[in-house]
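Asker: Predicted model, plus sequence, below.
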Amino acid sequence: MSTSYKAVQEMLREIGIVISKRGDTHRINFFGGLEETACYTTS
């Protein structure tokens, strides 16, 4: 079963986590989190 990126984004948002994508890089952080708490990944 494949889950769409948008569906994952919505599931994470429900628990207070924000994910965004720019090119091949994903940025994951707490809602309202500072840059110091952000995590960047390409996988």
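Answerer: Done, it's in.

Asker: Look up how far K6 lies from the spatially most central residue of the chain.
Answerer: Per Cα atoms, centre = their mean, the C-alpha nearest to the average position across the chain is that of I19, at 1.5 Å. The span separating I19 from K6 equals 10 Å under the rule Cβ to Cβ, to the nearest Å. (Each C-beta comes from the backbone N, C-alpha and C, glycine too.)

Asker: returning to what we had before: distance of the residue nearest to the centre of the chain relative to E10?
Answerer: Distance of I19 to E10, computed by Cβ to Cβ: 10 Å.

Asker: returning to what we had before: pretty sure the residue nearest to the centre of the chain is touching L12, no?
Answerer: Yes: because the distance of 5.4 Å satisfies Cβ atoms under 8 Å, I19 is recorded as touching L12.

Asker: Between these two, which contacts overlap?
Answerer: Jointly contacting I19 and L12 under the rule Cβ atoms under 8 Å, 6 or more residues apart in numbering are I28.

Asker: ok, T41 - contacts?
Answerer: T41 is in contact with T25, H26, I28, counting by Cβ under 8 Å, 6+ apart.

Asker: Let me fix that, I meant to ask about I15.
Answerer: Going by Cβ under 8 Å, 6+ apart, the list of residues near I15 is empty.

Asker: what are the ranges of the strands in this protein?
Answerer: 17-22, 25-30, 39-41 (DSSP state E).
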